[in-house]
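**Q** fold the following and give me the result.
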Amino acid sequence: MSHVIEIIKDHIQYRQQIFKLAKADLVKTYRGAALGWAWAVIKPAVTIFVYWFTFQVGIRGIGNEVDGFPYFLWLISGVIPWFYMSDMITGGTECIRKYSYLVTKMKFPISTIPTFFSISKYMVHLALLAIMIVIFIVMGYPSDIYLIQLPIYMLLNFLFFTVFSLFSSLLACMSKDFSNLVKSLVTAVFWLSGIIWNINTIKDIPWLKALLKINPVTYLVEGYRNCFIHKTWIWESPKTLIAFLVILLVLIIIAVWLYKRLRKEIPDVLN
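**A** Now for the predicted structure:
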């Protein structure tokens, strides 16, 4: 418990630096490019178009309407949160190594590095989310009362992947093999999480459907879609909510334990 308090105190004490470093990371990502900030939208837009074309045009029948919504809208409501998740899975795992000078030369609190990296990526997520809402409205599907629960899923998304980033970046500092393992699993997580195909179409193997639904990525993606597509409240699926919160709690415990064990060794490893 003392280390949880230590992490919280570090975040409070260095709160101004955290937001400044988040802004600096965001600026650094797009600095030097002719189109600058436009790449924050162009790259996701191209990816979404490829997925839409593949499943709506190339493989006919897969990209049908979902709950009365065009497949394109169903697709973007799941892919846009995934962009943030994938950045945190890959980039978050490398964030302490990326900013090793903060640890080795400035004695910056290790626990805050994943946080400002996450805030940086979340700013892009917020921009894409705003664009998605506009797209829904333009296509004749305005927001309704179910959208009021979106901040809950957004907060759970931020918390889960910030904690995951702390957990994975600590291990990645000790072993590059772990970093390579995480990168190799990203594609598998994407295809198994129901981001571009509807998990609810699984009817013959109920245990598999139930197992896939407790995947944290699946839960969060479905949560965003509950606000825009499925029109269901967060408490209508209590089992998956409890499973997600249990996984989040276990992840927090493991991340704090790793922080306790490795925080003094990491500066020496990074030197």
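**Q** for the stretch 151-271 of the chain, give me the ranges with low pLDDT.
**A** Where the stretch 151-271 of the chain drops to pLDDT under 70, the residues are 271.
**Q** can you pull out the helices in it?
**A** Using DSSP state H, counting those that start in this stretch, the helices of the stretch 151-271 of the chain run over 176-192, 206-213, 216-225, 238-262, 266-270.
**Q** buried stuff in the longest helix seen in the chain?
**A** When the chain is parsed with DSSP state H, its longest helix is helix 71-98. The neighbour-count check on helix 71-98 (16 or more other Cβ atoms under 10 Å) flags 71-89, 91-97 as buried. Placement of C-beta: from N, CA and C, glycine included.
**Q** cool, stretch 186-206 as well?
**A** So for stretch 186-206, counting by 16+ other Cβ under 10 Å, buried means Val189, Phe190, Leu192, Ser193, Gly194, Ile195, Ile196, Trp197, Ile199, Ile202.
**Q** contacting residues for the residue lying closest to Glu265 once chain neighbours are set aside?
**A** Among residues not flanking Glu265 along the chain, Met174 sits closest, at 7.6 Å (Cβ to Cβ, 6 or more residues apart in numbering). Contact analysis of Met174 by Cβ atoms under 8 Å, 6 or more residues apart in numbering lists Leu262, Glu265, Ile266, Val269.
**Q** who wins for neighbours among the residues you listed?
**A** Ile266 (20 neighbours; other Cβ atoms under 10 Å).
**Q** residue contacts, that residue?
**A** Ile266 is in contact with Ile96, Val103, Ile110, Leu170, Cys173, Met174, counting by Cβ under 8 Å, 6+ apart.
**Q** possible to save those residues as JSON lines with distance to Glu6?
**A** Listed next are the contacts of Ile266 as JSON lines, based on distance: Cβ to Cβ, whole Å:
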{"residue": "Ile96", "distance to Glu6": "17"}
{"residue": "Val103", "distance to Glu6": "16"}
{"residue": "Ile110", "distance to Glu6": "11"}
{"residue": "Leu170", "distance to Glu6": "15"}
{"residue": "Cys173", "distance to Glu6": "18"}
{"residue": "Met174", "distance to Glu6": "20"}
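**Q** of all these, which two lie farthest apart?
**A** Spanning the widest gap among the contacts of Ile266 are Val103 and Met174, at 13.3 Å by Cβ to Cβ.
**Q** hmm, back to that, just the helices of the stretch 151-271 of the chain: most buried one?
**A** Of all the helices of the stretch 151-271 of the chain, helix 216-225 carries the top mean neighbour count, a mean of 23, counting by mean count of other Cβ atoms under 10 Å.
**Q** and it, how far from the chain's centre?
**A** 10 Å (Cα atoms, centre = their mean, to the nearest Å).
**Q** do the same with stretch 80-97
**A** On Cα atoms, centre = their mean, the centre of stretch 80-97 falls 7 Å from the chain's centre.
**Q** picking that back up, out of the buried residues of stretch 186-206, which comes closest to His11?
**A** Nearest to His11 among the buried residues of stretch 186-206, with distances taken as Cβ to Cβ, is Val189, at 27.7 Å.
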